[in-house]
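Chemist: what would the 3D arrangement of this be:
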Amino acid sequence: MTSKSLLDALLPLVADLSREIDDRERYRRLLQTMRTLFPCDAAALLRLDGDLLVPLAIDGLSGDTLGRRFRVGEHPRFGVLLANAAPTRFPADSALPDPYDGLVDGLNDAHGELEVHDCMGCALNVNGRPWGLVTLDALGPGRFDSVDMASLQAFADLAAATVNVAERIDVLSATGEQERQRAEAYRLGLEESRGKRELIGQSPAQQQLLQEIRMAAPSDMTVLVTGETGTGKELVAHALHAASPRARKPMISLNCAALPDTLVESELFGHVRGAFSGAVADRRGKFEMADGGTLFLDEVGELPLAVQAKLLRVLQSGQLQRVGSDREHRVDVRLIAATNRDLADEVKQGRFRADFYHRLSVFPIRVPPLRERGRDVLLLAGFFLEENRARLGLASLRLAADAQRALLDYPWPGNIRELEHLVGRSALRALAAYKTRPQILTLGAQELELHELHGRGDAPGFDGDVATSPSPAPVASAGAPDGANALNLREAVGRYERKLVGDSLERHAGNLAAAARELGLDRANLNRLVKRLGLR
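Modeler: Just a heads-up that it's a prediction; the model follows:
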């Protein structure tokens with residue numbers, strides 16, 4: 001490649017540095033240019049977050065790669081690239097496993113041609129600090145024999161300038177000091193939460209969610225996070241805290257559905273010695289523990305009405321009393337609450353206080369269900385595939401093309417939690433079928449067994465934790481003519497559930513918490529089951 005041809009290819013990217021372009025489009029152009037300049041089948045741009053490498057843009061790699069998080073210590077090639085100041089090319093016979101084995105587009109599933117045969121990359125430094133990597137991969141050996149390393153280094157320097165511009169442009173383009181502070185707080189919050197589970201996705205629904213988090217996080221407003229079971233409401237709460245001015249203070253969480261009614265007040269407000277049987281010492285509640293920080297109330301719709309009234313007073317005045325004490329404590333707490341219930345409907349039914357509902361929903365945020373997020377399902381699958389790859393000790397864990405289509409077509413009634421469990425279960429089942437452990441394990445649609453789940457999963461009443469089966473065809477009793485004495489299986493199961501749950505509630509005088517313990521159910525799930533069965 002001549003200096004002129006290199007310059008001609010790079011000039012549009014240089015011009016982009018002065019333009020306000022969406023980050024994804026900026027990175028897409030960067031990788032497209034790289035594939036034009038260098039003879040590769042795949043290219044990637046990865047950001048270093050602590051000990052993780054996060055793909056920001058890919059070209060020529062499987063779509064789920066964007067959701068993967070590569071731990072540097074588990075991928076020695078990445079470690080070598082980061083340690084070298086100059087571009088590095090690995091020999092074709094390198095014993096180091098390639099992180100992209102099985103992930104390059106155009107691989108032949110049928111014949112097992114899954115390995116990358118030529119690999120090179122370069123570390124990126126921004127403002128004197130390691131920032132990440134650009135990588136190039138080819139399926140044929142010797143493809144990079146003609147690559148000029150000086151040209152690759154020049155491209156890497158431009159790539160570093162590109163990402164530097166992309167990271168700063170949001171803050172610089174924000175209108176007004178308040179908006180700039182908001183954008184900066186959000187960026188710092190993301191840095192503070194490195195290494196933790198993150199909100200992965202690029203769909204419009206997910207981008208809307210991230211935008212609402214950016215808006216709400218720097219304020220002290222109470223936030224009500226709503227959404228179906230398994231959508232990631234707790235992750236949203238953590239993101240709000242991490243990007244808030246309270247990020248260096250504690251975030252205390254309480255699952256309101258996991259406690260008996262008699263202990264909720266003590267958990268929230270604390271108690272003094274002798275306040276009740278078993279209170280052998282003074283104890284701080286969650287509000288005092290969260291002083292200066294954030295209190296996250298999960299399943300807030302499960303709170304008893306009496307506790308709602310006391311919580312409302314604390315939120316309005318900032319003062320609380322421990323159970324059994326007349327002394328007031330002042331606290332400074334930002335409240336985030338989450339629920340999978342329709343609280344407005346709960347208010348109409350008299351099961352939730354209207355004044356408390358309005359105090360909670362100062363800034364409501366809805367977390368979209370997975371079925372509304374399109375191709376985000378592949379990114380999330382990639383995240384879970386990489387987690388299970390490391391857990392199972394595999395060189396690569398990948399999805400076949402038919403498995404990707406199956407994931408995109410499935411309605412996901414259990415949302416992200418269902419996807420997480422599905423990937424882990426499918427990987428274990430697929431691995432168990434091998435006599436000798438494979439280096440690259442491919443999950444096809446058959447291994448995912450979504451056809452088994454589909455009839456259950458999209459049935460009415462499925463909430464991710466408690467599922468009700470769809471109505472099957474009537475089953476004739478043994479020895480009877482077809483259609484005679486037909487018994488609907490769902491009705492029979494419903495009658496049995498109604499009797500079992502009803503008897504338990506009667507034994508415990510309607511106490512949901514006690515009945516849930518007896519039945520081995522989560523209290524929130526029992527509450528939903530009780531309503532579905534018409535017992536309340």
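Chemist: helix or strand: which one has the closest residue to residue 47 other than its chain neighbours?
Modeler: Spatially, and ignoring its direct neighbours in sequence, residue 47 is nearest to residue 132 (4.3 Å; C-beta to C-beta, 6 or more residues apart in numbering). Where you see a C-beta, it was placed from the backbone N, CA and C, and this is true even at glycine. Per DSSP states H and E, residue 132 falls inside strand 129-138.
Chemist: ok, that strand: who's next to it in the sheet?
Modeler: Note on strand 129-138: by DSSP bridges, its sheet partners are strand 42-49 (antiparallel), strand 118-126 (antiparallel).
Chemist: contacting residues around the shortest one?
Modeler: For strand 42-49, the surrounding residues in contact (C-beta atoms under 8 Å, 6 or more residues apart in numbering) are 27, 30-31, 34-35, 53-61, 65, 70, 72, 78, 82, 100, 103-105, 116, 130-138, 159, 163, 194-195.
Chemist: got it, and stretch 301-312?
Modeler: Outside stretch 301-312, the residues touching it (C-beta under 8 Å, 6+ apart) are 256-257, 261, 264-265, 268-269, 297, 339-341, 343, 346, 351-353, 355-356, 359, 523-524, 527.
Chemist: check which residues of that stretch are buried.
Modeler: For stretch 301-312, the neighbour count (16 or more other C-beta atoms under 10 Å) marks 301-303, 307-308, 310-312 as buried.
Chemist: what of stretch 336-348?
Modeler: For stretch 336-348, using 16+ other C-beta under 10 Å, the buried residues are 336-341, 343, 346-347.
Chemist: just stretch 391-399 next, same as before
Modeler: Neighbour count says stretch 391-399 has 394-399 buried, by 16+ other C-beta under 10 Å.
Chemist: which pair in those residues spans the largest distance?
Modeler: Across the buried residues of stretch 391-399, the longest distance by C-beta to C-beta is 15.4 Å; it joins 395 and 399.
Chemist: out of the strands paired with strand 129-138, flag the one nearest residue 534.
Modeler: Comparing the strands paired with strand 129-138 under C-beta to C-beta, the one sitting nearest is strand 42-49, at 49.6 Å.
Chemist: send me the closest one as PDB with only the CA atoms.
Modeler: In PDB, the C-alpha atoms belonging to strand 42-49 read as follows (Å, rounded to 0.1, in the frame of the first residue of the first chain):
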ATOM      1  CA  ALA A  42     -13.300  -9.400  10.500                       C
ATOM      2  CA  ALA A  43     -12.400  -6.300  12.500                       C
ATOM      3  CA  ALA A  44     -13.300  -5.100  15.900                       C
ATOM      4  CA  LEU A  45     -12.900  -2.200  18.200                       C
ATOM      5  CA  LEU A  46     -12.800  -3.000  21.900                       C
ATOM      6  CA  ARG A  47     -12.700  -0.700  25.000                       C
ATOM      7  CA  LEU A  48     -10.800  -1.700  28.100                       C
ATOM      8  CA  ASP A  49     -13.000  -1.500  31.200                       C
END
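Chemist: now it: mean pLDDT?
Modeler: Averaged over strand 42-49, pLDDT sits at 95.
Chemist: what pairs with the following helix or strand past that strand, and is each one parallel or antiparallel?
Modeler: The helix or strand immediately downstream of strand 42-49 is strand 52-59, counting by DSSP H and E. The strands beside strand 52-59 in its sheet (DSSP bridges) come out as strand 42-49 (antiparallel), strand 70-71 (antiparallel).
Chemist: among the contacts of stretch 301-312, which are located in helices?
Modeler: 261, 264-265, 268-269, 343, 346, 355-356, 359, 523-524, 527 (DSSP state H).
Chemist: I'd like those laid out as TSV, including pLDDT and distance to residue 328.
Modeler: Output for the ones in helices among the contacts of stretch 301-312, formatted as TSV (pLDDT from 0 to 100; distance: C-beta to C-beta, whole Å):
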residue	pLDDT	distance to residue 328
261	75	24
264	83	19
265	82	15
268	88	15
269	86	11
343	95	28
346	94	30
355	95	21
356	95	20
359	94	19
523	75	30
524	74	32
527	80	33
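Chemist: buried ones among these?
Modeler: Buried members of the ones in helices among the contacts of stretch 301-312, counted by 16+ other C-beta under 10 Å: 261, 264-265, 268-269, 343, 346, 356, 359, 523-524, 527.
Chemist: nearest to residue 241, of these?
Modeler: residue 268 (18.1 Å).
Chemist: tell me the contacts of the closest residue to residue 399 other than its chain neighbours?
Modeler: In space, and not counting its chain neighbours, residue 399 is closest to residue 443: 5.5 Å by C-beta to C-beta, 6+ apart. Taking C-beta under 8 Å, 6+ apart as the criterion, residue 443 is in contact with 385, 397-400, 403, 423, 426-427, 430.
Chemist: so of those, which ones are in helices?
Modeler: 385, 403, 423, 426-427, 430.
Chemist: compare those and tell me which is most surrounded.
Modeler: Comparing the ones in helices among the contacts of residue 443 on neighbour count, residue 385 comes out first with 28 neighbours (neighbours: other C-beta atoms under 10 Å).
Chemist: list the beta-bridge partners for the nearest residue to it once chain neighbours are set aside.
Modeler: Excluding the flanking residues, the one nearest residue 385 by C-beta to C-beta, 6+ apart is residue 397, at 4.8 Å. According to DSSP bridges, the residues that bridge with residue 397 are residue 441.
Chemist: pretty sure residue 397 contacts residue 384?
Modeler: No. Residue 397 is beyond contact range of residue 384, at 9.3 Å (criterion: C-beta atoms under 8 Å).
Chemist: before we move on, the earlier item: of the contacts of residue 443, just say which sits nearest to residue 373.
Modeler: residue 423 (16.2 Å).
Chemist: right, and that closest one touches residue 388 too?
Modeler: Yes. With contact defined as C-beta under 8 Å, residue 423 reaches residue 388; the gap is 6.1 Å.
Chemist: ok, residue 281 - contacts?
Modeler: Applying C-beta under 8 Å, 6+ apart, the residues near residue 281 are residue 273.
Chemist: what about it, is that helix, strand or coil?
Modeler: coil (DSSP: H, G, I helix; E, B strand; the rest coil).
Chemist: for residue 353, see how far away it is.
Modeler: 32 Å (C-beta to C-beta, to the nearest Å).
Chemist: with residue 161 instead?
Modeler: From residue 161 to residue 353 the distance is 55 Å (C-beta to C-beta).
Chemist: now swap in residue 436 and tell me
Modeler: As defined by C-beta to C-beta, residue 436 lies at a distance of 62 Å from residue 353.
Chemist: between the two, tell me which one has more neighbours.
Modeler: residue 353 (21 against 4).
Chemist: per-residue pLDDT of that one, please?
Modeler: With respect to pLDDT, residue 353 has a value of 95.
Chemist: so the closest residue to it other than its chain neighbours is in which element?
Modeler: Nearest residue to residue 353 in three dimensions, chain neighbours excluded: residue 308, at 4.7 Å (C-beta to C-beta, 6+ apart). Assigned by DSSP H and E, residue 308 falls within helix 305-317.
Chemist: report the distance from that helix to the chain centre.
Modeler: From the chain centre to the centre of helix 305-317 is a distance of 31 Å (C-alpha atoms, centre = their mean, to the nearest Å).
Chemist: same question for stretch 132-144.
Modeler: That offset, for stretch 132-144, works out to 30 Å (C-alpha atoms, centre = their mean).
Chemist: neighbouring contacts of it?
Modeler: 34, 38-48, 53, 56, 60, 78, 81-82, 89, 92, 98, 100, 104, 106-107, 113, 116-124, 155-156, 159, 163.
Chemist: just the buried ones among those, please.
Modeler: Using 16+ other C-beta under 10 Å, the buried ones in those are 34, 38, 40-48, 53, 56, 60, 78, 81-82, 89, 98, 100, 104, 107, 116-124, 155-156, 159, 163.
Chemist: any stretches of the stretch 351-500 of the chain with poor pLDDT?
Modeler: 451-494, 496 (pLDDT under 70).
Chemist: show me where it has its strands.
Modeler: All strands of the stretch 351-500 of the chain, identified by DSSP state E, counting those that start in this stretch, fall at 363-366, 396-399, 440-443.
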